[in-house]
Structures are given as structure tokens and as C-alpha cells.
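K.L.:
Requesting a structural model of the entry that follows:
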Amino acid sequence: MARWKALPEELDPQIGEFTRQLRRLVDQGGLSAAALADRTGYSRTSWERYLNGRLLAPRGAVVALAEVTGTSPVHLATLWELAERAWSRAESRQDRTMEQIRITRARAELGGPGGGTGTATADAPPVSPPSAEPPPGKRRVLFFLAGAVAVLVVLGTLFPLTGRGGGEGAGQAVDSPAPSATGAADLPPGVKCVGVGCTGKDAEAMGCGGDLVTTAGTATVGAATLEVRYSRTCGAAWGRITGAAPGDRVRVTADGETRWGAAVAGETYTYTPMVAVGRAGEAEACVSLASGRTGCTG
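P.N.:
Numbering: from 1, shown residues only. Alright, predicted model coming up:
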């Protein structure tokens, strides 16, 4: 990890400074990717993303790196807070851009090819001279499309209010759009999904790890430690094994959903994608070791 890739040119200067400080600490500590994963509890893939500026490291990873390298976390915490604000601003700009694109497309659809000014509303389609009015069938189609857009707007407003946390709220987010449009403004900074919106996704990439995690269940199977990791904020859980060997597999199951993860050469730590849960006790993690031993958290 001594040779770093150039950081993306569009990266905010504060995020760039924070990332370069992380790189400096890794270089000074002589840490390999495998050593970082083993000693901090965050996977090698995640550290590669953090150190290449593709993902902002969560506070927990920063604290863990400071402990591993014998560095005071105070200065790093300050840089992280500045970088986190810059990252949130960048995501907000992207969300606004995507929202404007969706609005423009919806207006174009309602206006029809070669017609409309983009200002038609769901209540009143554009008025044309009597001789140019569309036939009844076409009018019904236009009204249907306008009504559908109005319903989507209402749903986009309601889901952020009902899709947070666990229990019934998580179930109401079944049809929610991508995490960036599911009320991320109501969640802690860096958290990008909630409930079923997290199912199948990486906990660290979605901001559900770090300080937001508790251990909901644990078991020792051979030389491996098996855990159910739970984030109440994200309404999700995942399975994790430490002390793993290549070929060891871990799975997590909750409410009929199962996700798998597998350890690869050079890693002693791996975890599964997330599954949505209403509370910590709903998920069970199981491991199948390359040696043939198996076990579950129970």
C-alpha cells in the first residue's frame, strides 16, 4: 500500500486532506491491507475505498486506525468532522440534481412529443382549441400519467417519515427508492439506507457500521468468532466472523432473507451483506468452516 493512486480530481479539498492524513498514518505504521483489516475490524475492501477517496471512512474506523498507530484521535476527529460535512454537502448537491432530472423527465412525458410547455399540472392538462383536443381515450391516458406522478411525489414525501427504524416502520419502506432519496436528511450524517432499503447492501458502505453497531449474538466455532451485528439506526443486521480462514463462510438470516459472505486468502475477517430487521433478536448468524465445522448464534 506504499504506492497510492491519485485521488479523484473532483474530490473536495477537505476530504482530500483527510484521506492523505489516513494514508500518512498507514505508511508510518507500515500497515498492509490485510493488517489493517485484521487490526481494525474493517475489511480490506473498505479500507481500499477509504484510502482511495471513494468512500468516507466512518468515525469508528478512524478511531481504530488511531489506536493501531498510537496516534491521538483528537486531530483526526477534527479532520473527519470537516470531511464528513463536505461529503454530506456533495451528496445533497447530487440528490438535488437527480431530483431535477426526474422532474424534467416527468414534465416531458406529460407534455408529449412536440407538445406541452413543461408547465402542465396534474389538475389541468394544457388547454387546446376545440378542433385540436385529443380523443377521450388519449385524455384518459394523460390524466392517468399525471395522477401517477402526483402519487409518486406524495410517496416520496411520506416514506422518509415512515421508513426509519425497525418494526412496522421498516415494513412500510418496501417500495422506497434508492437510499439517497429515502429521507437520508432525517438520518445521522453518512447513513444512506434504512430497513429493507439496506437489504443486500454493505453495512460500511451504507454508513451503518462504526459507532452505530451493537453485537446482538455471538458464538465461538473452532478458531472463529461468529457475531450478529445490529444497527438500530439502519434497522438492519449482518453476520460477521473474525479469526477466519480462507474458505470459511458466514450467513445471516432474518424473516426469510439470507445473505452470505466468505473469507478469502489474506483475510481473517469477513461479513455478510445486511438484512432488514425490526429488532436485534430477529437475526441469526451461522458459519460453515473450511474444516467442516458449523455453528450458529442460536
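
K.L.:
check contacts around Asn52.
P.N.:
Trp4, Lys5, Leu7, Thr19 (Cβ atoms under 8 Å, 6 or more residues apart in numbering). Every residue, glycine included, has its C-beta placed from N, CA and C.

K.L.:
are any of these buried, and which?
P.N.:
When these are checked for burial by 16 or more other Cβ atoms under 10 Å, the buried set is Leu7, Thr19.

K.L.:
quick check, nearest of the contacts of Asn52 to Ala216?
P.N.:
Thr19 (32.2 Å; Cβ to Cβ).

K.L.:
quick one: secondary structure of the closest one?
P.N.:
Local secondary structure at Thr19 is given as helix here, using DSSP: H, G, I helix; E, B strand; the rest coil.

K.L.:
With Ala203 instead?
P.N.:
Secondary structure state of Ala203, per three-state DSSP, is coil.

K.L.:
can you map out the helices along this protein?
P.N.:
13-29, 33-40, 44-51, 59-69, 73-111, 136-162, 168-171 (DSSP state H).

K.L.:
Mean pLDDT lowest where, among those helices?
P.N.:
Comparing mean pLDDT across the helices of the chain, the weakest is helix 168-171, with a mean of 34.

K.L.:
so Lys201 makes contact with Val275?
P.N.:
No. The pair Lys201 and Val275 fails to qualify as a contact (Cβ atoms under 8 Å) at a distance of 9.9 Å.

K.L.:
Which one's more surrounded, the two?
P.N.:
Val275 (25 against 20; other Cβ atoms under 10 Å).

K.L.:
For the more buried one, give its distance to Trp260.
P.N.:
For Val275, the distance to Trp260 equals 11 Å [Cβ to Cβ, to the nearest Å].

K.L.:
Equivalent analysis for Ser231, please.
P.N.:
Ser231 sits 19 Å away from Trp260, going by Cβ to Cβ.

K.L.:
higher neighbour count, these two?
P.N.:
Set Ser231 next to Trp260 and count neighbours by other Cβ under 10 Å: Ser231 wins out with 28 against 13.

K.L.:
The nearest residue to the more buried one once chain neighbours are set aside: neighbour count?
P.N.:
Closest residue to Ser231 apart from its sequence neighbours, by Cβ to Cβ, 6 or more residues apart in numbering: Cys208 at 4.3 Å. The number of residues packed near Cys208 is 31, by other Cβ under 10 Å.

K.L.:
which residues touch Cys208?
P.N.:
If you count contacts by Cβ under 8 Å, 6+ apart, Cys208 has them with Val191, Cys193, Cys198, Ser231, Thr233, Cys234, Ala236, Met274.

K.L.:
The second one contacts Glu204, doesn't it?
P.N.:
In other words, Cys193. No. The criterion here is Cβ under 8 Å, and Cys193 misses it with Glu204 at 12.0 Å.

K.L.:
neighbour-wise, which of the two wins?
P.N.:
More neighbours surround Cys193 than the other of Cys193 and Glu204, with 29 against 24 (other Cβ under 10 Å).

K.L.:
And that one, how far from Gly60?
P.N.:
To Gly60, Cys193 is 17 Å away according to Cβ to Cβ.

K.L.:
And Glu109, by the same measure?
P.N.:
Distance of Glu109 to Gly60, computed by Cβ to Cβ: 44 Å.

K.L.:
Could you do Arg20 as well?
P.N.:
Arg20 sits 20 Å away from Gly60, going by Cβ to Cβ.

K.L.:
number of nearby residues for Asp248?
P.N.:
Quick note: Asp248 (other Cβ under 10 Å) scores 26 neighbours.

K.L.:
Report the contact partners of it.
P.N.:
Ala224, Ile241, Ala262, Ala263, Thr270, Val287, Ser288, Leu289, Ala290.
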